[in-house]
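The amino acid sequence is not available; the structure is as follows:
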């Protein structure tokens with residue numbers, strides 16, 4: 001028994017010991033694994049940090065390239081093949097003088113250098129440029145244009161650099177050079193448009209290491225030398241000799257930084273970006289903390305991670321088994337296949353230039369809702385056959401994205417030739433579409449790409465560029481396409497600033513209302529006005545609606561702004577009535593984002609009932625091209641009518657309004673879009689006969705539908721007299737008055753109202 005007892009105790013101890021050993025083993029394994037994983041994570045994070053730094057550098061470099069390419073494109077745009085082949089320097093000199101107004105505003109001088117190195121300037125000067133370092137045939141051995149270092153020139157006090165475009169005869173002998181001088185200070189625009197972080201520093205320097213752009217203006221034109229002995233040998237002229245690299249050094253404040261630098265492609269300049277060393281130290285501290293936490297919960301974390309990894313791996317495995325190739329509706333490549341093939345094309349011929357076009361159909365959601373999915377699908381298929389035919393004609397590739405979106409890539413020789421062909425094909429498309437049962441209109445975003453210039457740009461990036469360019473097109477049918485260029489980089493920044501400040505601007509009442517009178521053509525008396533919102537920003541000055549309304553429509557903030565404007569208008573009318581002053585009806589705009597009639601009416605009436613204003617003095621302008629379908633538009637129009645308000649359909653004639661919609665939605669007034677009138681004017685200022693007849697028919701049709709008619713954008717007496725002749729009811733525009741502040745508007749009413 002004693003033996004058995006001892007055996008039993010020993011077994012318990014053995015079991016406990018085994019449990020302890022197993023626990024220690026598990027903890028040891030987990031600790032080791034944790035150390036390995038965390039270390040690997042730190043190394044990975046450090047690599048991501050370095051990769052991100054390189055990406056920032058490359059992104060900034062692309063920004064510089066865009067600017068230089070734009071300068072080059074602007075300079076080459078005045079090239080006249082026949083004129084330059086003849087080589088008559090006097091004619092070339094005169095041609096440059098006449099063309100200066102079409103060139104980039106950044107050019108402080110443009111001149112032509114002949115094969116004898118004589119410079120011909122627009123002012124009529126002829127200067128011998130022998131021995132000038134920035135003029136040499138050697139510059140064009142490996143490049144079709146040249147960007148010079150910084151120089152001090154005779155025609156400006158500021159330092160400049162030169163963009164040079166060579167021209168050769170048939171024997172490839174240099175015949176002449178077209179040159180443009182740009183002040184070094186213009187490079188600062190790049191820093192304003194490309195944000196690299198508040199604590200990061202950047203330098204742009206030329207081949208000799210002289211700084212062309214820096215946060216400290218006094219350093220521009222000098223070679224940067226670190227202050228401390230440790231880094232004194234890492235000067236900018238040393239860095240300028242290397243293609244790319246990464247070193248630890250210090251910035252102009254003496255702070256330790258990681259400096260990444262690289263030669264800018266197709267340019268001889270170099271770019272460097274410095275990031276504070278504290279970023280890496282913060283990564284190290286964070287991973288030490290993670291290591292401690294992971295040790296505490298390691299066993300559970302490992303099990304969860306293993307389980308999650310299994311699920312994720314299984315998911316990707318299954319999804320990679322089937323690669324979509326053809327779109328079932330259009331039988332074209334899917335966008336995934338299109339991107340894959342585009343990457344292959346770029347790899348095979350990286351020095352070629354390509355045009356990417358992203359297109360869709362205007363108002364496709366409206367077409368889908370009103371004609372049905374089957375009709376919409378047939379339209380998409382029909383449109384796909386047209387653009388596929390064009391793409392194949394130029395040996396390009398095409399893919400179908402979601403819904404009505406298509407992407408095409410075509411190899412091109414140069415921008416001007418490509419755009420001429422593109423515009424011709426748009427005319428072909430419009431002719432073909434005219435025969436289709438349902439009227440529809442495409443819009444296009446265009447971007448150009450040379451893989452060897454920007455190898456890090458992906459196909460998705462290019463599609464994004466084209467799509468962004470397309471998004472800048474206004475609703476007018478007069479502008480069917482937009483071209484992506486460096487100007488749009490600034491637009492991205494501008495929109496970010498607007499979006500950042502919009503809420504505080506509303507709270508601080510930076511938005512204000514102006515009133516543009518509506519004139520009765522019968523006797524030139526004022527019978528109403530349209531309320532127009534403006535933004536007076538302490539930061540940006542006066543901002544006009546075309547800058548912020550499209551952005552607010554995208555992010556939904558326009559709904560808040562609408563109700564703010566309604567309150568201001570109702571308050572103004574109330575004050576005028578109580579003061580015993582004459583008033584006229586004021587129309588307010590309802591943006592396209594209001595798609596819930598009950599919610600809109602509840603808030604609209606809540607604001608309206610704060611004041612003692614008769615409903616007859618308020619008109620609501622709705623937009624047919626909104627997110628609302630026909631039934632919703634009818635519902636909100638009827639709701640406004642039931643409260644005593646009149647309703648106008650705004651922007652009629654912009655290209656997307658339909659007669660069917662007008663007959664179904666019971667609006668009281670049709671407002672004709674100003675672009676519709678302007679597009680009917682000839683070069684002599686008179687209305688074209690066919691356009692005038694068409695406008696007359698529309699006015700007559702409106703009368704038969706018992707709609708009042710208002711024309712916007714009336715700016716000349718010819719326009720006014722024509723509209724009066726064809727019995728248009730009312731007009732508004734600069735011919736009578738620009739939008740007025742409240743006090744000026746009150747004075748205008750008093751002087752133009754007919755009692």
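Structure's in. What do you need? Owing to the predicted nature of the structure, the values given are computational and were not obtained by experimental measurement.

Low-confidence regions, the stretch 201-350 of the chain specifically.
Residues of the stretch 201-350 of the chain that meet the criterion pLDDT under 70 lie in 280-281, 283-284, 287-288, 290-292, 294-296, 298-303, 305-324.

Apologies, that question was intended for the stretch 51-200 of the chain.
Residue ranges of the stretch 51-200 of the chain with pLDDT under 70: 155, 191-199.

any idea where the strands of it begin and end?
Under the criterion DSSP state E, counting those that start in this stretch, the stretch 51-200 of the chain contains strands at 107-114, 118-120, 126-128, 146-147, 151-152, 159-168, 174-183.

closest one to residue 523 among those?
Among these, strand 107-114 comes nearest to residue 523, with 53.0 Å by Cβ to Cβ. Placement of C-beta: from N, CA and C, glycine included.

Is residue 504 in a helix, a strand, or coil?
Put simply, residue 504 is helix when judged by DSSP: H, G, I helix; E, B strand; the rest coil.

That one and residue 726, how far apart?
With the distance defined as Cβ to Cβ, to the nearest Å, residue 504 ends up 48 Å from residue 726.

who has more neighbours, those two?
Between residue 504 and residue 726, counting by other Cβ atoms under 10 Å, residue 726 is the more crowded of the two (16 against 10).

wait, residue 459 sits on residue 343?
Yes - judged on Cβ atoms under 8 Å, residue 459 makes contact with residue 343 at a distance of 6.1 Å.

Those two: who's more crowded?
residue 459 (21 against 13).

That one: what's it in contact with?
When contacts are counted by Cβ atoms under 8 Å, 6 or more residues apart in numbering, residue 459 touches 338-339, 342-343, 346.

again with residue 169
With the criterion set at Cβ under 8 Å, 6+ apart, residue 169 makes contact with 85, 175.

Give me the distance between residue 710 and residue 515.
Distance from residue 710 to residue 515, counting by Cβ to Cβ: 15 Å.

Residue 148 now?
54 Å.

ok, now residue 186?
Look at residue 186 and residue 515: by Cβ to Cβ, they are 41 Å apart.

Looking at the two, which is more packed in?
When residue 186 is set against residue 515 and neighbours are counted by other Cβ under 10 Å, the residue ahead is residue 515, at 25 against 20.

Quick check: phi and psi at that one.
phi -130, psi 120 (degrees, to the nearest 10).

Residue 646 contacts residue 666, correct?
No - Residue 646 sits out of contact with residue 666 when judged by Cβ under 8 Å, with a separation of 10.8 Å.

Pick out whichever of the two has more residues nearby.
Between residue 646 and residue 666, counted using other Cβ under 10 Å, the more crowded position is residue 646 (20 against 14).

Check what pLDDT that one gets.
We note a pLDDT of 96 for residue 646 in this prediction.

which residues does it form a beta bridge with?
Per DSSP bridges, the residues bridged to residue 646 are residue 619.

quick revisit: any idea which of the contacts of residue 459 is the one closest to residue 142?
residue 346 (20.7 Å).

So for the closest one, what's the nearest residue that isn't a sequence neighbour?
Spatial nearest neighbour of residue 346, excluding adjacent residues (Cβ to Cβ, 6 or more residues apart in numbering): residue 451 at 4.3 Å.

Quick check: the one you found touching residue 343?
No - counting by Cβ under 8 Å, residue 451 stays clear of residue 343, with 9.5 Å between them.

can you pull the buried residues of stretch 157-175?
The neighbour-count check on stretch 157-175 (16 or more other Cβ atoms under 10 Å) flags 159-167, 174-175 as buried.

the helices in the stretch 251-400 of the chain, which residues?
Under the criterion DSSP state H, counting those that start in this stretch, the stretch 251-400 of the chain contains helices at 278-296, 298-321, 335-348, 364-371, 373-393.

Repeat that for the stretch 1-150 of the chain.
2-76, 81-86, 89-99.

now the stretch 501-650 of the chain
Assigned by DSSP H, counting those that start in this stretch, the stretch 501-650 of the chain shows helices spanning 545-555, 558-578, 597-608, 630-642.

mind giving me CSV with the ones you listed and columns for mean neighbour count?
Below are the helices of the stretch 501-650 of the chain laid out as CSV (neighbours: other Cβ atoms under 10 Å):
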stretch, mean neighbour count
helix 545-555, 16
helix 558-578, 18
helix 597-608, 16
helix 630-642, 17
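
Out of those helices, which gets nearest to residue 378?
Across these (criterion: Cβ to Cβ), the nearest stretch is helix 630-642, sitting at 20.5 Å.

what does that closest one contact?
369-370, 590, 594-595, 597, 600-601, 620, 622, 624, 626, 628, 646-647, 661, 664-667.

and that helix, how far from the chain's centre?
Computed by Cα atoms, centre = their mean, to the nearest Å, the chain-centroid distance of helix 630-642 equals 35 Å.

same check, this time on stretch 552-565
20 Å.

Make CSV out of the strands of the stretch 51-200 of the chain and add distance to residue 61.
Shown next, in CSV, are the strands of the stretch 51-200 of the chain (distance: least, Cβ to Cβ, whole Å):
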stretch, distance to residue 61
strand 107-114, 23
strand 118-120, 31
strand 126-128, 34
strand 146-147, 13
strand 151-152, 23
strand 159-168, 17
strand 174-183, 18
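
nearest to residue 614, of those?
When those are compared by Cβ to Cβ, strand 107-114 sits nearest residue 614, at 59.0 Å.

buried set for that closest one?
For strand 107-114, the neighbour count (16+ other Cβ under 10 Å) marks 107, 109-114 as buried.

ok, now how distant is the closest residue in space to residue 339 that isn't next to it in sequence from residue 55?
Of all residues not flanking residue 339 in the chain, residue 459 sits nearest, at 4.3 Å (Cβ to Cβ, 6+ apart). With the distance defined as Cβ to Cβ, residue 459 ends up 17 Å from residue 55.
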